[in-house]
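Engineer: let me see the structure of the following:
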Amino acid sequence: MKKMCIIGAIAAVIFTSGLTGCNTMRGEHASVPESAWPWEQVTPESQGISSGDLQRMVAYIDENNLAIDSVVIYTNGTIPFETYFEPYSAGVSHNMKSTSKGVISALVGIALHEGYIESLDDSVLSYLPDYEPDETGKAAITIQDLLTMSAGLEWNENDLNSMYTFFVSKRITGRVLDQHLVDEPGQQFNYNTGLTHLLSAVIAEASGMTTLQFAEKYLFEPLDIDNVQWATDRDGYYIGGSELFLTPRAMTKIGVMYLQEGEYAGRQIVPREWVRESTTPQITGSFHNTPIEYGYLWWIGIGNPLFTYLEQEGAFLAMGVHGQRIVILPELDTVVVITADQGDASQCDILIRDFILPAL
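Structural biologist: Below you'll find the predicted structure:
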């Protein structure tokens with residue numbers, strides 16, 4: 001039985017979105033308590049939420065020995081539910097895996113607003129002058145193509161080439177760009193964490209800062225987020241789209257900021273229009289034989305019964321391997337964050353679909 005700490009009033013999905021080659025999920029540095037919540041912790045019933053459904057969820061986790069590390073629910077400016085399972089607590093960071101793509105999306109929007117990036121139509125290679133393309137067509141790959149996973153480069157997200165690139169060679173930028181161009185850029189969705197890493201490199205080269213320095217200045221500090229751990233490749237670029245460790249509270253702050261169209265504590269952190277644009281469908285396609293709608297690194301629609309919660313008006317999702325989730329449900333004024341180390345990540349979507357959504 002997993003022991004847990006509950007803060008508040010009550011105590012193999014078909015997608016492997018994110019990389020599977022590195023399974024370090026718990027932050028390795030000393031725990032530093034995250035800043036206090038800016039929102040009141042309340043009983044579920046005070047917000048019209050069924051504590052019985054949430055208690056049944058906890059029992060389901062326990063009975064099935066699920067590797068869930070935390071569940072946090074924000075709604076209506078309050079925190080009615082916050083639960084951690086040992087060895088996790090509010091102060092321990094967690095590998096966000098591909099939920100960190102939502103962070104990269106935010107940083108691109110900020111870089112565009114601040115003038116570091118002139119246009120989404122800019123060629124990616126114009127920001128990476130040290131790279132010499134081996135195919136002329138690669139100059140046509142734009143920043144928008146990276147955001148919509150449609151660069152046209154040959155890539156199989158979860159094969160050995162992907163894992164070797166990220167976790168063994170760590171020479172990510174060049175290896176990703178060296179993949180053959182198999183589709184016209186901008187036409188075909190093909191999920192590729194390598195593209196998110198290219199965005200991290202673009203942010204660094206455009207701003208003259210590391211991606212972490214840029215994030216600290218424009219995102220983490222305004223959100224009062226600390227306890228950050230982020231891996232780099234051999235070239236010093238912070239890995240875009242994986243290996244960013246934040247606490248679940250920090251992930252919740254990011255989710256709430258997106259729920260509020262880029263605003264947090266009365267301050268516009270991410271441009272409102274960018275939030276709207278990046279969380280509406282920009283491309284459709286197929287992922288593991290399932291139809292999807294994708295924004296700028298945010299999942300908008302997934303044609304699988306596990307994700308019926310995305311049928312809520314305006315809902316969108318950041319999703320990572322092993323069950324990392326940041327779910328934004330504007331119709332319910334709610335954000336749900338889950339961190340986990342689940343081999344069968346579909347269990348995390350079952351928690352949302354069968355317990356949390358009914359509770360709400």
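Engineer: and the residue most central in space within the chain, what are its phi and psi?
Structural biologist: Centroid-nearest residue in the chain, with CA atoms, centre = their mean: Thr99, separated by 1.7 Å. Backbone geometry at Thr99, expressed as degrees, to the nearest 10, gives phi -60, psi -20.
Engineer: also Asn65?
Structural biologist: Dihedral angles phi and psi of Asn65 (degrees, to the nearest 10) take the values phi 50, psi 50.
Engineer: gap between it and Lys217?
Structural biologist: In this view, Asn65 and Lys217 are 42 Å apart by CB to CB, to the nearest Å. C-beta here means a position set from N, CA and C on the backbone, and glycine is covered the same way.
Engineer: separation between the residue nearest to the centre of the chain and Phe245?
Structural biologist: 11 Å.
Engineer: more neighbours: Asn65 and Lys217, which one.
Structural biologist: Shown here are Asn65 and Lys217; by other CB atoms under 10 Å, Lys217 has more neighbours (14 against 9).
Engineer: can you confirm that one is in a strand?
Structural biologist: No: Lys217 is assigned helix when assessed by DSSP: H, G, I helix; E, B strand; the rest coil, not a strand.
Engineer: now for the closest residue in space to it that isn't next to it in sequence, how many residues are close by?
Structural biologist: Among residues not flanking Lys217 along the chain, Met209 sits closest, at 7.2 Å (CB to CB, 6 or more residues apart in numbering). Met209 has 16 neighbours, counted by other CB under 10 Å.
Engineer: rewinding a little: quick one: the residue nearest to the centre of the chain and Ile326 touch, right?
Structural biologist: Yes: with contact defined as CB atoms under 8 Å, Thr99 reaches Ile326; the gap is 5.3 Å.
Engineer: any shared contact partners between those two?
Structural biologist: The contact sets of Thr99 and Ile326 overlap at Met251, Ala318 (CB atoms under 8 Å, 6 or more residues apart in numbering).
Engineer: any buried residues in stretch 175-187, and which?
Structural biologist: Arg175, Val176, Leu177, Asp178, Gln179, Leu181, Pro185, Gly186 (16 or more other CB atoms under 10 Å).
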